[in-house]
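Peer 1: Give the three-dimensional model of this entry:
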Amino acid sequence: MSLLTVEKVTSGYGDMEVLHEVSIAVDSQEIVTIIGPNGAGKSTLMKTIFGLLKPKSGRISFSDHEISALSADRIVRLGMAYVPQVENVFPSLTVRENLEMGAFIRSDDFSGRIREMYDLFPILGRRGRQQVGKMSGGERQMVAMARALMLNPQLILLDEPSAALAPNLAEVIFERIEAINDTGVAILIVEQNARQSLSLSDRGYVLASGRNRFTDTGENLLANEEIGQLYLGG
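Peer 2: I've put the predicted structure just below:
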């Protein structure tokens, strides 16, 4: 059984439907990428999975639990984390304080987990006392991912992790995504840098107009000429 299963989910905002019977799955320790044009519903799907939007129909299961009607705070406690594209850090707090905020439901000593995050993101270990708002975009993205990992999730959702980053910083972010996956965490990514993300992925999905258009291994999607012309820039 998949770690995450989304079955024929329809969702949107008020009376406006954005997703139309979308289905995806993520297995344990997989990297799965969702690509598609702007307005395809990719971010809406992430918000629906994480409980920020409620599906109008369909079913979402995570770690043997039905989560379609659960709030985000309850989904977090089941072992899922989410890093939105924007407003994903506390800019007035230091790096360490952001990580402490990520452990908000832990009552044990999580100092060891902070050290693990510093090992996973070495630059953060050197900047532990720095105010996050004064860091670069790539560094803030690493803070956001580290904060989301503080609760040892089984699955992390990343919405456009390389957005607005210079190519060299985007490369660093993708290297850290691989490193996170190497620790056993499954990753679901929405990403405009489709070629880079699919090259790391076990599987991928293409959404268009809120519907499933293609699904295959990351390698096969990259090799598909039609997908290349329509969604990967030729």
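
Peer 1: contacts and neighbour counts: CA atoms only from here.
Peer 2: Fine.

Peer 1: ok, the residue nearest to Ile180 when sequence neighbours are not counted to Phe214 distance?
Peer 2: Sequence neighbours aside, Leu120 is the residue nearest to Ile180 in space, at 7.6 Å (criterion: CA to CA, 6 or more residues apart in numbering). Plainly put, Leu120 is 33 Å away from Phe214 if you go by CA to CA, to the nearest Å.

Peer 1: now this structure, which segments are flagged as low pLDDT?
Peer 2: Within the chain, the stretches with pLDDT under 70 are 234.

Peer 1: 80 - rerun?
Peer 2: For the chain, applying pLDDT under 80 flags the ranges 1, 233-234.

Peer 1: so where do the strands sit in it?
Peer 2: Assigned strands in the chain, in chain order: 4-13, 16-26, 31-35, 57-62, 65-66, 80-83, 155-159, 186-190, 203-208, 211-217 (criterion: DSSP state E).

Peer 1: So what are the sheet partners of the second one and their directions?
Peer 2: Strand 16-26 pairs in its sheet with strand 4-13 (antiparallel), by DSSP bridges.

Peer 1: do the fifth one as well
Peer 2: According to DSSP bridges, strand 65-66 forms sheet pairs with strand 57-62 (antiparallel).

Peer 1: Which residue ranges make up each domain of this structure?
Peer 2: Recorded structural domains for the chain (assignment: automatic domain parsing) are 4-79+153-231, 89-152.

Peer 1: First-to-last residue distance for the first one?
Peer 2: This points to domain 4-79+153-231. 25 Å.

Peer 1: if we can go back for a sec, okay, Leu120 and Phe214: which has more neighbours?
Peer 2: Leu120 (17 against 14; other CA atoms under 10 Å).

Peer 1: I'd assumed Ile177 was in contact with the more buried one.
Peer 2: No: using CA atoms under 8 Å, Leu120 makes no contact with Ile177, being 10.1 Å away.
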